[in-house]
Structures are given as C-alpha cells and as structure tokens.
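[1] sequence first, then the predicted structure:
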Amino acid sequence: MSDEKQCTCQPSIPHLNMQTRTWSCQSCGKALPTRGQVPPQRPLDLSGVPTPPKEEVPAPPKGEKKSIKESAQASRAVAMATAPTRRIAVAFVLLICLLMSATAMLWSLRDLNPPAETGDDGDIGDEGLTTLLLVQEELPGLNCSNGGHAIMTGLDGNRDGALHLDEVQKTSFICNGVNSEETDVNSALTKLEVITEGNSTCVMGGLLVMTGLDL
C-alpha cells in the first residue's frame, strides 16, 4: 500500500521493516493506520522509554462439582467420625495406651534406682570367750559305781587358757563297766592323751579322749 499523505518517507529507503498483518508502506515498511485502528501516540519526552508489559492476572480456578453419591459418602464419613460412641471408644483406647506407657516407665525407673547406702556400724560388743574342755578321773561312787572319767566343758571367763571349777557349765561322765568273773562282753576303756599347741585339730592344744572295748 502506498499513501503519500500518511507516509512521508523517502522512496529511496528500501522497505526492510515491513510488519505482517498490518498495512505498511511499500517504501519503508512503516505501519499505517487501518479503518479500525488508531496509530499509537507517544509523548515527545518519553519516545525513548519502552512501555512496561501488562501484568497477567490468573483466572480463578473453577470448582469441580461432586456427584450426589460422593457428597453422600463424605457426609456419612463425617457423621461416623463425629459420633459420640466413636469418640468414647477412641478416648478409651488412648487412656489404655497412656496407662501402659506410664506403667512401663515406672518399671524402668524402678530398675534404674541405685542401691541404698550402707548403714552405720553397730556398737562394738564384748570379745567372745573361748570354750575349754577338762577331763578328770572319776572315782567309784554315785556317778560311776566302778569309776570312770568326768568330762567338763565351759567358757574361759578369766581368759587364762585353763578351765576352772567355777567356769564349768556342763559335766558328762564316762563310766567303766562292772567287774565280773565270767562275761561275754568286753570291758569299755578310756584313754587320754595331751595335744600340744600347733596341732591341726587343736591349735592351742588340748586333750584327746579315746574310748573303746578291751579286746
């Protein structure tokens, strides 16, 4: 299209800037106004400043419509979740879980408790006394009609290592048998030996009492 009134370009300029879908000058390619368009007018002082692009406002999403069956199922699920019986059952289960957790925690704390401290020592008591043994020959009399030996035991009260008569707590008698001219039973005899100190049986020494039949 060529219109000298609307385009005042020089014919010598080649039309290298022609725009598509618009009326352009065949000589220079300048866009010409059409019947329904008005050429944009820019102020003289802002001719070198580009026009900012327009902001695109996103369109609001369209809501999807649910079917009657889906709406009914959703309403039923909400009603079941908010039912009083269901709330009671859920609360009961949570209470049981809480009690079990508390019990397990108490048992674990009980196992972690350190042992109690050792108590104070008691008062110092009297030192123990040594038990002594004394064997003496018993003459024929009330205790042994044919004689024998008296074995006396007791505690060494004065700690002198010897058993005195006032320290004797128990006395036992080993009596000899009655003499007889003819008998089938052998006589019982007693023999005493002194045990020196350092013996494995009596470390502090003592007496060895041996009894048996006179074969």
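    Yep, it's here.
[2] continuing past the longest helix along the chain, what's the next helix or strand?
    As assigned by DSSP state H, the longest helix anywhere in the chain is helix 84-112. Using DSSP states H and E, the helix or strand that follows helix 84-112 in sequence is strand 131-138.
[3] just to revisit the earlier point, what's the longest helix of the chain packed up against?
    In terms of contacts (3 or more Cβ pairs under 8 Å, 6 or more residues apart in numbering; DSSP states H and E), helix 84-112 is not packed against any helix or strand. For every residue, glycine as well, the C-beta is placed using N, CA and C.
[4] pLDDT on that helix, on average?
    The average pLDDT within helix 84-112 is 79.
[5] how about stretch 154-168?
    Here the average pLDDT along stretch 154-168 is 87.
[6] stretch 125-142 now?
    84.
[7] gap between the two ends of it?
    One end of stretch 125-142 to the other measures 42 Å (Cα to Cα, to the nearest Å).
[8] contacts for it, please.
    In this structure, residues lying in contact with stretch 125-142 by Cβ atoms under 8 Å, 6 or more residues apart in numbering are 144, 146-157, 159, 161-163, 167-168, 173, 175, 192, 204, 206-207, 209.
[9] buried members of the residues you listed into ChimeraX, please.
    Those of those that count as buried under 16 or more other Cβ atoms under 10 Å are selected in ChimeraX with:
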select :144,148,149,150,151,152,153,154,163,167,175,206
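[10] just the contacts of stretch 125-142: which are in strands?
    148-155, 168, 173, 175, 192, 206-207, 209 (DSSP state E).
[11] that'll do, ta.
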